[in-house]
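> Give me the fold of what follows.
(2 chains)
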Amino acid sequence: MSLIILRNILFALLLTASAHSFAQPWAALTPPQQQALAPLATEWNSLSEKQQKNFTKIAQRYPHLTPEQRQRLQERMVKWSKLSPEARKQAREKYKSFNQLPPEKREAVKQTLRERHAIKHQSATSAVAPATPAK
Amino acid sequence: MINKNLTVDSIKQVLNQSTQQMDANTIADLRTARNQALDRHHALQQAPVLAWLNHHGLWASSSSSHHKLQHWGLALVLVAGLFSGLAYFQQMNEHDHSEIDIAILTDDLPVDAYVD
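Predicted coordinates:
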C-alpha cells in the first residue's frame, strides 16, 4: 500500500518537474534550430529558460525570413541576449509605440535616429582608433 | 433446477441453512472479510476523494491503521498537482515576445535605436 502511495507521489512530483523545466542544452536543439541560433552557440547554455524558449520560437520563424533579415537577426541576437529583461521590455514598448506613428513621421524619426546612430558610431570608432603620427 | 417460486425470504432461509452447515474456519474467514469490507466502505464514505481515486485505480484503500499515511500522501499529491497546474497556467499566460523580437532584430534600424 505504501508503495502505491509512494508511486503516486513520485508521479505527481515528476509531473511538477516536467511542467517547470524547459531548459534545453545546445546539443538538444535540432540542426535547423542550431543553424538559426548559431551566434548564440557558446552562450546558449547560460541563457535563462525564458530566453531559450523565446529564441527557439524565433528559430521557428527563421526559415521564413529573407536573407537580409536573417543576416540582421544573426548579427543582433547576441547583443539582444545580453540586454537586461528590463531593457528588452523597454525596446519592445518603444518599437510598438514607434510603429503607431503615421508613416511620414516614422520615416522622419528613423532618419534622425540613423543620423544620431551614425554620429555615435563614428565618435566611438575615432576614440578607439590610434592617433595618426605627426609628420 | 431453481424453483421460480422462490421468494426473498425463502432464499434467505436456504442461505442461512447453508451457513449452518459450514465449518468454523470458513465462517471465521467470511466474518473477517465482511468486517474488512465494512471498514473500507466506512472509510471511503468519510473521504469521497479517496473513494473516487480508489474507483479509478489510483488509490488502494486499506485498513484504518493506514489512514493517516493515506491522507498525508493524498495531501502531497494534491499539493504537487496544484503546483503543476499553477506552473502550467503561468506558462500559458506568459507573453510570446518572439514576433516583436524578430521585428526589432530584423528592422532597418539598429537595436540601439530602441534601447537608448
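> On the three-state scheme, B:Leu109 is what?
coil (DSSP: H, G, I helix; E, B strand; the rest coil).
> Quick check: it vs chain A, distance?
Distance, B:Leu109 to chain A, using Cβ to the nearest Cβ, to the nearest Å: 6 Å. All C-beta atoms are positioned from the backbone trio N, CA, C, and that covers glycine.
> can you check B:Arg40 too?
According to Cβ to the nearest Cβ, B:Arg40 and chain A sit 12 Å apart.
> ok, how many other residues are close to that residue?
By the criterion of other Cβ atoms under 10 Å in any protein chain shown, B:Arg40 has 16 neighbours.
> Next, it: phi, psi?
Dihedral pair for B:Arg40: phi -60, psi -40, per degrees, to the nearest 10.
> before we move on, what about B:Ile11?
phi -60, psi -40.
> Tell me the helices and strands packed up against the strand or helix carrying B:Asp29.
Here B:Asp29 sits within helix B:24-46, counting by DSSP states H and E. Helix B:24-46 sits against helix B:48-55, with contacts defined as 3 or more Cβ pairs under 8 Å, 6 or more residues apart in numbering or on different chains; DSSP states H and E.
> Point out the residues in chain B that sit beside chain A.
Contact residues, chain B versus chain A (Cβ under 8 Å from any Cβ of the partner chain): B:58-60, B:62, B:66, B:69-70, B:73, B:76-77, B:80-81, B:83-84, B:87-88, B:91, B:94, B:96-115.
> same thing but at 7 Å, please
Contact residues (Cβ under 7 Å from any Cβ of the partner chain) of chain B with chain A: B:58, B:60, B:62, B:66, B:69-70, B:73, B:76-77, B:80-81, B:83-84, B:87-88, B:96-98, B:100-106, B:109-115.
> which residues does residue 23 contact?
Reading this off chain A. With contacts defined as Cβ atoms under 7 Å, 6 or more residues apart in numbering or on different chains, the neighbours of A:Ala23 are A:Glu49, A:Gln52.
> For it, report the pLDDT, please.
For A:Ala23, the pLDDT comes out at 81.
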